[in-house]
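Enquirer: With the sequence up front, the predicted model follows.
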Amino acid sequence: MQSQDVAQRPASGSGPGPRADRVVDVEQAEAALVEHYPRLVRLAYLVLPSGLGRGRRVLTAHALAQRALPRGRSAVPVIPSQSADRDGDPGYAFVRRRVVRSALEAGLPLMRVARPKRAQLPPLLPQVWGLRLFPRSGGADELALDQRLAALSGPGRAAYVLRGLERLPDGAVREVLAGCGVEDADAALAEADAVGADHALLESPEFDPCSLQARPTDLMRRRRHAKAALAAAAALAVCGALIALPGGGWGADGAAAPSYARNPAAEAALDPGRLVKVSPVAWKTSSRTDFSVWPARGELTGDTALLRRALAVWARPGERVRVSATTGTPSGGPAGPPQLLYAGAVDRARVVILYDGLRIARYAEPKDGTAGAALDFARVDGAAGAEASAMVLARTDGNVRYLTAPWVTGVAERDLSKPGAGEMDLTLAQGVTSPMSSPATRSGACTTWNVLRVTDARGSHLLSDLGELVPARLTTGRPGAAKDVTGAEALRTWAPFACSLGTVRGLGVRSVNAWRYASQPLPDGSGTGSWVCTRAETWRGDGTRAQAQFAVPGGLFGAVAAQAGDVPACGPRDPHVLAGVLWKSEGGSWYLLAAGDKDTESIRATGGVKGSGDGHLLALPAKQGAQAGLAGTLEGGGAISALK
């Protein structure tokens, strides 16, 4: 972009004033939309009126986000923000403003004498047939917040969400609202002030239209339309047969949707003959240890028909294909011929695994046909070494099989919650492991947590199945110096907190580190408690989850004392943490126990429990149910607040 197009960015937190414009083209806007799609959809969902119903809000939110791209070059003001990672990008600021504007328009009542705006009409796309989709139900706090937001006007909701979800200062909120046509932004901010500052709840699954539950629609009405559906299916079968005739194109594409367009570049990406197949010995001489040096394995790598179906479904999945993707992973077709990692029969399915440099795509179909085919995506950019040493090949009856890297020499299964229980060796044939128990789909109380141990020339690594294609790497140690979980001490650190991994299932987690940052003698002399901070890093960089947990001596499981999302605490950028918990002694006395890392010079408690002490540990008498605030001072004079 030329220098004359760039505007000076106003100081963060400044009020409304003169704004310089910056030219944003459609490529910039598209990049911002793809990168921040889950957050933009959440933003639209929260601003839309609740009267639409949860199902229609979900589809409308996705439609508004997908229609936010400009049709050409457009001038967009650079909006000040406290979140430079996103709002420093003018493309994101432009797309966000269009999303907010259309969400506000969707909440306007229809007028008889005026032509309705596009956002006021039900979305043409996306559409879901036969299912009602809605976010997961939250708790009482989320329900109360949703009710309070429903009572606001559209601009009031937008002001609250921009302030809480996007972390914009009031001056920036006024600019966004003014750009969306809101005449009285100050009134909208006043409405938002009345709701309260429960901004952390906006990140709850209750308001996540990208993580959905499904229920059937009206089954009786669908039965009445059965004859029409049968007729449509017969017509589709005739069309499919005509397309499959010699000279009619690619032939049978299985569960893929019909294609009527011909594009040379797209067809090259779907040609099984152009799939990249790496030499079985390439990894031995390569300096890289990522998925790009994995050879193609499996007994069906020469099955052209199977590979064609997998590529076609990737490019255009049919209505009956179950498609899933980890958070922040695009699910569009490949830009060019992908790399083949595996094609073979696993348990009761045929499986094809492909890699395009950014994503892993797994296609699976039953051995007796293509009905019930599934397509799963996972983001793996930057994966190397331990993070690229295994991927999920198949899950069956609560068990999981892995496909391992060619440099893996041994695999074993162990229970992370029982450090002294030992390991059970797994067989490894052509990179495929024998099945092992998986905690990813288990329901009910957690009593065990089985993980995979892989061994290569560099050592051993522990990987945990969290319900996605690529297992998460487990580490232990101080942030910035974390190491793989090897040795008795590292295993004992993880053991009480193994079941806490269940709280980050399905979040696109790349790695989880457990850092024992403090050991605290209990006030009644019954032993020493352990403070551990577990931090889950995601493939997309945001959405991190930090939990401060406390375990008493001899306890099987730890207790979560505090947790927060999208914070630097417990990470390399901020290797500090402070948390507290109410603890009841065997004699029935209650105490406030608090601990910071060893760089903490003093801790102060306020509120329901008052007191202070030097050092990184604090124990004060308390009453059951007391609410206390914590603050500390770091060596050198810096301040630290409790994780929350």
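Expert: Now that the structure is in, tell me what you want to look at.

Enquirer: phi, psi of the closest residue to residue 57 other than its chain neighbours?
Expert: Counting by C-beta to C-beta, 6 or more residues apart in numbering, residue 57 lies nearest to residue 48, which is 5.0 Å off, once chain neighbours are set aside. In short, each C-beta sits where N, CA and C put it, glycine included. Residue 48 has phi and psi values of phi -60, psi 150 when expressed as degrees, to the nearest 10.

Enquirer: and the next element down the chain from the helix or strand harbouring residue 41?
Expert: Per DSSP states H and E: residue 41 is located in helix 37-47. Remark: after helix 37-47, the chain's next helix or strand is helix 54-66, criterion DSSP H and E.

Enquirer: part of a helix, is residue 387?
Expert: Yes - counting by DSSP: H, G, I helix; E, B strand; the rest coil, residue 387 is found in a helix.

Enquirer: Use 26 as the first number for this chain going forward.
Expert: Done: numbering now begins at 26, and the last item shifts to residue 412.

Enquirer: Pretty sure it sits against residue 500.
Expert: No - at 10.7 Å, residue 412 and residue 500 do not qualify as touching, with contact defined as C-beta atoms under 8 Å.

Enquirer: So for those two, which residues contact both of them?
Expert: Here residue 412 and residue 500 have residue 536 as joint contacts, going by C-beta atoms under 8 Å, 6 or more residues apart in numbering.

Enquirer: in what helix or strand does the spatially closest residue to residue 428 that is not a sequence neighbour lie?
Expert: With C-beta to C-beta, 6+ apart as the criterion, residue 428 has its nearest non-adjacent residue at 4.4 Å, and that residue is residue 418. Here residue 418, judged by DSSP H and E, is contained in strand 415-421.

Enquirer: Only C-alpha atoms, please: export that strand in CSV.
Expert: The C-alpha coordinates for strand 415-421 follow below in CSV (Å, rounded to 0.1, in the frame of the first residue of the first chain):
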residue,chain,number,x,y,z
ALA,A,415,1.3,-37.8,16.0
MET,A,416,-2.3,-37.2,14.8
VAL,A,417,-5.6,-39.0,15.5
LEU,A,418,-6.3,-41.6,12.8
ALA,A,419,-9.6,-42.9,14.1
ARG,A,420,-11.8,-43.1,17.2
THR,A,421,-14.0,-46.2,17.8
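
Enquirer: Quick one: distance of that strand to the chain centre.
Expert: Chain-centre distance of strand 415-421: 19 Å, with C-alpha atoms, centre = their mean, to the nearest Å.

Enquirer: Go through the helix or strand that it is followed by and flag the buried ones.
Expert: Following strand 415-421 in sequence order, the next helix or strand is strand 424-429 (DSSP H and E). Of all the residues in strand 424-429, those buried under the rule 16 or more other C-beta atoms under 10 Å are 425-429.

Enquirer: Packing partners of strand 424-429?
Expert: Applying 3 or more C-beta pairs under 8 Å, 6 or more residues apart in numbering; DSSP states H and E, we find strand 424-429 packed against strand 364-371, strand 415-421, strand 457-458, strand 461-462.

Enquirer: export those strands to JSON lines and tack on mean pLDDT and distance to residue 318?
Expert: Shown next, in JSON lines, are the helices and strands packed on strand 424-429 (pLDDT from 0 to 100; distance: least, C-beta to C-beta, whole Å):
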{"stretch": "strand 364-371", "mean pLDDT": "96", "distance to residue 318": "10"}
{"stretch": "strand 415-421", "mean pLDDT": "94", "distance to residue 318": "14"}
{"stretch": "strand 457-458", "mean pLDDT": "97", "distance to residue 318": "18"}
{"stretch": "strand 461-462", "mean pLDDT": "94", "distance to residue 318": "25"}
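
Enquirer: May I see those strands organised as CSV, with distance to residue 231 added?
Expert: Below are these laid out as CSV (distance: least, C-beta to C-beta, whole Å):
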stretch, distance to residue 231
strand 364-371, 36
strand 415-421, 27
strand 457-458, 37
strand 461-462, 31
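
Enquirer: circling back: do you know how far the residue nearest to residue 428 is from residue 440?
Expert: 22 Å (C-beta to C-beta, to the nearest Å).

Enquirer: So which of those two has more stuff around it?
Expert: Taking other C-beta atoms under 10 Å, residue 418 and residue 440 do not tie; residue 418 has more neighbours (26 against 20).

Enquirer: Please name the residues that touch the more buried one.
Expert: When contacts are counted by C-beta under 8 Å, 6+ apart, residue 418 touches 367, 371, 376, 378, 425-428, 457-458.

Enquirer: Roughly how far does it sit from residue 233?
Expert: Distance from residue 418 to residue 233, by C-beta to C-beta: 28 Å.

Enquirer: now residue 494
Expert: 20 Å.

Enquirer: number of nearby residues for residue 414?
Expert: For residue 414, the neighbour count with other C-beta under 10 Å is 26.

Enquirer: Please apply the same query to residue 532.
Expert: Count around residue 532 with other C-beta under 10 Å applied: 24.

Enquirer: So it is in contact with residue 564, correct?
Expert: No - here residue 532 lies out of contact with residue 564, judged by C-beta under 8 Å, at a distance of 9.7 Å.

Enquirer: who's in contact with residue 664?
Expert: Counted by C-beta under 8 Å, 6+ apart, residue 664 has contacts 656-658.

Enquirer: what sits against residue 575?
Expert: Going by C-beta under 8 Å, 6+ apart, residue 575 touches 554-557, 583-584, 586, 604, 606, 608, 618.

Enquirer: partners of the strand holding residue 418, with directions?
Expert: Here strand 415-421 has these sheet partners by DSSP bridges: strand 424-429 (antiparallel).

Enquirer: roughly how far out does the partner strand sit from the chain middle?
Expert: Distance of strand 424-429 from the chain centroid (C-alpha atoms, centre = their mean) equals 22 Å.

Enquirer: any idea of the pLDDT on residue 432?
Expert: Among the per-residue scores, residue 432 shows a pLDDT of 96.

Enquirer: Enumerate the positions of stretch 661-669 that are buried.
Expert: By 16+ other C-beta under 10 Å, the buried positions in stretch 661-669 come out as 665, 667-668.

Enquirer: thinking again about what came up before, just the buried residues out of the contacts of residue 664, in PyMOL syntax.
Expert: In PyMOL syntax, the buried subset of the contacts of residue 664 is picked out as below (16+ other C-beta under 10 Å):
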select buried, resi 657+658
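
Enquirer: and of the contacts of residue 664, the nearest to residue 330?
Expert: residue 657 (64.2 Å; C-beta to C-beta).

Enquirer: what sits up against the helix or strand hosting the closest one?
Expert: Here residue 657, judged by DSSP H and E, is contained in strand 653-659. The contact list for strand 653-659 (C-beta under 8 Å, 6+ apart) reads 601, 603-605, 617, 619, 621, 624-635, 641, 647, 664-667.

Enquirer: Swap in 10 Å and give it another go.
Expert: Strand 653-659 is contacted by residues 587, 601-605, 607, 617, 619-622, 624-637, 639, 641, 643, 645, 647, 663-669 when judged by C-beta atoms under 10 Å, 6 or more residues apart in numbering.

Enquirer: Do I have it right that residue 572 meets residue 604?
Expert: Yes - contact criterion C-beta atoms under 10 Å: residue 572 and residue 604 qualify, at 9.1 Å.

Enquirer: Please enumerate the shared neighbours of these two.
Expert: The contact lists of residue 572 and residue 604 share 558, 585-588, 668, where a contact means C-beta under 10 Å, 6+ apart.

Enquirer: Compile those into CSV and extend it with columns for pLDDT and secondary structure.
Expert: Below are those laid out as CSV (pLDDT from 0 to 100; DSSP: H, G, I helix; E, B strand; the rest coil):
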residue, pLDDT, secondary structure
558, 97, strand
585, 92, strand
586, 93, strand
587, 93, strand
588, 93, strand
668, 92, coil
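
Enquirer: No more questions from me, cheers.
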